[in-house]
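# Here you go, sequence then predicted model.
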Amino acid sequence: MNNIASPWKRLLAYLIDQILFAIFPLLLIFIFSSSPDVISVLNRFSSYLIFLIFAYPVVYAVFISFLVSAFGGTFGKLLTGTKIVRADGTKLSFKRAFFRNYIGYMVSGLLLGLGFWWILIDKERRGWHDQIADTYVVVRNKWLVVLGAILLVVFIFAGYMLISASILNFKSNQGVYLTIVSEITTDLKPNSPTTAGQPTPIPFDLNQP
């Protein structure tokens, strides 16, 4: 296989993918942090939490697998001028792309990520996920790596700005969160053991006959 991508190009593509994966959750956190009242906080918290835990990973996995099968790479691969192909140079099917990027990645992540470090050892620069999916990462445009490096810096800066803005929003709206914590604490506070379950005593005047 010709034009095998170097490990540092693959690392750059991986970092871009990880940053882009985190950008959307950071955007949701920013929107959540701007919630001006208790109702908005509670509504957004429940819906955003459910989406980020259950829906977002699945949607992202399907979309990335589509990119690999249709265009030959993830966002990071495409922006760095690299491409994922089979041994004959053809694109991956959707099933193979999903298997490589998720099942294969889990295998490579075993033993402290030894399967990823294997790229440095293997002559064809293939990690375990490449070997079990029978794929190669090749260079399709050697100049795009410069664009990828620039965009990585831009994405990191965008993430930093979202985090900074969210922190400022949380500070400015801390009264809302203190109100919620106070209400939760009050609801969880146990009743007094001497009065819990007992009827309210009736006042008794000793001066009355």
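That came in fine, so what should we check first? Numbers count the residues shown, from 1 in each chain.

# Going by C-alpha atoms from here, please, whenever you check contacts or count neighbours.
Will do.

# Run through the helices of this structure in chain order.
With DSSP state H as the criterion, the chain has helices at 7-33, 38-50, 56-71, 75-79, 94-98, 105-108, 110-121, 128-133, 144-172, 174-188.

# Alpha carbons only: can I get the shortest one in PDB?
Meaning helix 105-108. Below are the C-alpha coordinates for helix 105-108, written out as PDB (Å, rounded to 0.1, in the frame of the first residue of the first chain):
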ATOM      1  CA  TYR A 105     -11.500   1.300  18.700                       C
ATOM      2  CA  MET A 106     -12.600  -0.500  21.800                       C
ATOM      3  CA  VAL A 107     -10.200  -3.400  21.000                       C
ATOM      4  CA  SER A 108      -7.300  -0.900  20.400                       C
END
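
# outside of stretch 121-131, which residues touch it?
Identification of contacts with stretch 121-131 by Cα atoms under 8 Å, 6 or more residues apart in numbering yields 1, 4-7, 100-101, 103-105, 107-108, 115-119, 135-137.

# Mind telling me which of the helices of the chain the model trusts least?
Per-segment mean pLDDT for the helices of the chain reaches its minimum on helix 174-188, at a mean of 75.

# Using JSON lines, lay out the helices of the chain together with distance to Val85 and mean neighbour count.
What follows is the helices of the chain, written out as JSON lines (distance: least, Cα to Cα, whole Å; neighbours: other Cα atoms under 10 Å):
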{"stretch": "helix 7-33", "distance to Val85": "14", "mean neighbour count": "17"}
{"stretch": "helix 38-50", "distance to Val85": "35", "mean neighbour count": "14"}
{"stretch": "helix 56-71", "distance to Val85": "9", "mean neighbour count": "17"}
{"stretch": "helix 75-79", "distance to Val85": "12", "mean neighbour count": "24"}
{"stretch": "helix 94-98", "distance to Val85": "10", "mean neighbour count": "20"}
{"stretch": "helix 105-108", "distance to Val85": "16", "mean neighbour count": "18"}
{"stretch": "helix 110-121", "distance to Val85": "16", "mean neighbour count": "15"}
{"stretch": "helix 128-133", "distance to Val85": "10", "mean neighbour count": "20"}
{"stretch": "helix 144-172", "distance to Val85": "18", "mean neighbour count": "16"}
{"stretch": "helix 174-188", "distance to Val85": "50", "mean neighbour count": "13"}
